[in-house]
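Novice: what would the 3D arrangement of this be:
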Amino acid sequence: MGMAKTPKVQAQSERLKAARQGRGFATAAAAIAKHGWKQSTYLAHENGQNGIGADSAIDYGKAYGVDPGWLLTGHGKGLTADGKEIKTAAGKAVVLKSRADLVEMGGKEFANIPIYDIRAAAGFGSENYDETPIDYFPIAVSFLRAITDAPWQYIGILQIDGHSMYPTLHDRDLVFVDLRRKTLKKEGIYALNFEGETIVKRAQQHMESGHVTLTSDNPQYKPQVIKHSDRLHVIGHVFWSLTRH
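Specialist: Numbering: from 1, shown residues only. Sure, this is the predicted structure:
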C-alpha cells in the first residue's frame, strides 16, 4: 500500500502535468525523451509520489517556460493544460540553485560560494529575482565544516537590506543560507519569499494551525502571523553572517 499524497505534493504534480500538457507534450514519456530526464524521477514528481525539489523545479521551469516557484508553490507564471499562460498576483518566488565549486589555494580546499544580487529585506520586503550569481566568496572548506553541516554545494549568499533584524543583522550584511532547508520545522532565522518579496525573519510554524509567525529582532517592528503558509516560500536557513563595521 502506497503512502497517501499530501495536498502540497499533489498540487505540485498537477501543476507539473499541466505545464507539460500546455507545452504540447501529450505524454510524460515524450517530455522525458525530449529533455533527457531520468524517467523514474520525473514520473514520481508528476504522479505525486515525491515532492519536487528546488533543482528539479529549475530544470522543469526552464523546459516548460514557467517559474520554478509556480511549480513549487503556485505563485508566479504558470501554464494551464490547454497552453494558456497564468500568473498569480503573488509574483515570482525566488528559487536558488547553488553554483559553488572548489578551488585549491596554498594546499587547502576553498569553496567559491555564490553571492546573489538579491536583497533580502530585513524590513518590508524587497523585490529582486535575478538568480545569477554576481560574485563568489572563497571560504575554506574546513571552516565551513566547523560552522555548518550544509554541504558547500548547497550554500548561497544574500545581502541584507534594512534594519528590522538589528542588532543581530545589520543593513548590507552578507548572510550565508543553507539552501536545503525548505521547511520551518525548526525555529530560526530564514530567508523567505512572501508574495514576491524576499525577506529575512525569525520564523516559527505552529504545529496545530500551520500558521507561521515572522518576528523581527528590532522591537520597532511588530510580529506578523501568516495564516496561509502556502503564500510563503522558504529559500533557506540563515546560519552565518558577515557584518560590516
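
Novice: residue 152 is in contact with residue 103, isn't it?
Specialist: No: the pair residue 152 and residue 103 fails to qualify as a contact (CB atoms under 8 Å) at a distance of 11.2 Å. Yep, even glycine has a C-beta here, placed from its N, CA and C like the rest.

Novice: so those two - more neighbours on which side?
Specialist: The neighbour count for residue 152 versus residue 103, taken as other CB atoms under 10 Å, is higher for residue 152 (19 against 11).

Novice: quick one, phi/psi of that one?
Specialist: The phi and psi values for residue 152, taken as degrees, to the nearest 10, are phi -60, psi -30.

Novice: what's the answer for residue 43, then?
Specialist: According to degrees, to the nearest 10, the main-chain angles of residue 43 amount to phi -60, psi -40.

Novice: contacting residues for it?
Specialist: With contacts defined as CB atoms under 8 Å, 6 or more residues apart in numbering, the neighbours of residue 43 are 28, 32, 49.

Novice: go with 7 Å
Specialist: With contact taken as CB atoms under 7 Å, 6 or more residues apart in numbering, residue 43 is in contact with residue 28.

Novice: next SSE after the strand ranked longest in the chain?
Specialist: If you go by DSSP state E, the chain has its longest strand at strand 108-121. In the C-terminal direction, the helix or strand that comes right after strand 108-121 (DSSP states H and E) is strand 133-140.

Novice: what angle separates that next one from strand 108-121?
Specialist: When axes from the mean of the first three to the mean of the last three CA atoms, to 10 degrees is applied, the directions of strand 133-140 and strand 108-121 differ by 140 degrees.

Novice: name the helices or strands packed onto the helix or strand following strand 133-140?
Specialist: Counting by DSSP H and E, the next helix or strand C-terminal to strand 133-140 is helix 141-147. Applying 3 or more CB pairs under 7 Å, 6 or more residues apart in numbering; DSSP states H and E, we find helix 141-147 packed against strand 108-121.

Novice: what average pLDDT does the strand it packs on get?
Specialist: Here strand 108-121 scores 80 as its mean pLDDT.

Novice: likewise stretch 165-182?
Specialist: Rounded to a whole number, the mean pLDDT of stretch 165-182 is 92.

Novice: list the contacts of that stretch.
Specialist: Stretch 165-182 is touched from outside by 54, 96, 98, 120, 122, 148, 150, 154-163, 191, 200, 216-218, 234-244, with contacts defined as CB under 7 Å, 6+ apart.

Novice: ok, and what's touching the strand or helix carrying residue 56?
Specialist: Assessed by DSSP H and E, residue 56 sits inside helix 54-64. Contacts made with helix 54-64 from outside it, assessed by CB under 7 Å, 6+ apart, are listed as 16, 19-20, 23, 35, 45, 67-68, 71-72, 79, 95, 97, 179.

Novice: send the alpha carbons of the strand or helix carrying residue 191 over as CSV?
Specialist: Following DSSP H and E, one finds residue 191 within strand 188-194. The C-alpha trace of strand 188-194 is given here as CSV (Å, rounded to 0.1, in the frame of the first residue of the first chain):
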residue,chain,number,x,y,z
GLY,A,188,15.4,30.0,13.4
ILE,A,189,16.3,32.8,11.0
TYR,A,190,15.2,32.1,7.4
ALA,A,191,15.4,33.7,4.0
LEU,A,192,11.8,33.7,2.7
ASN,A,193,9.8,34.8,-0.3
PHE,A,194,6.4,36.2,0.7
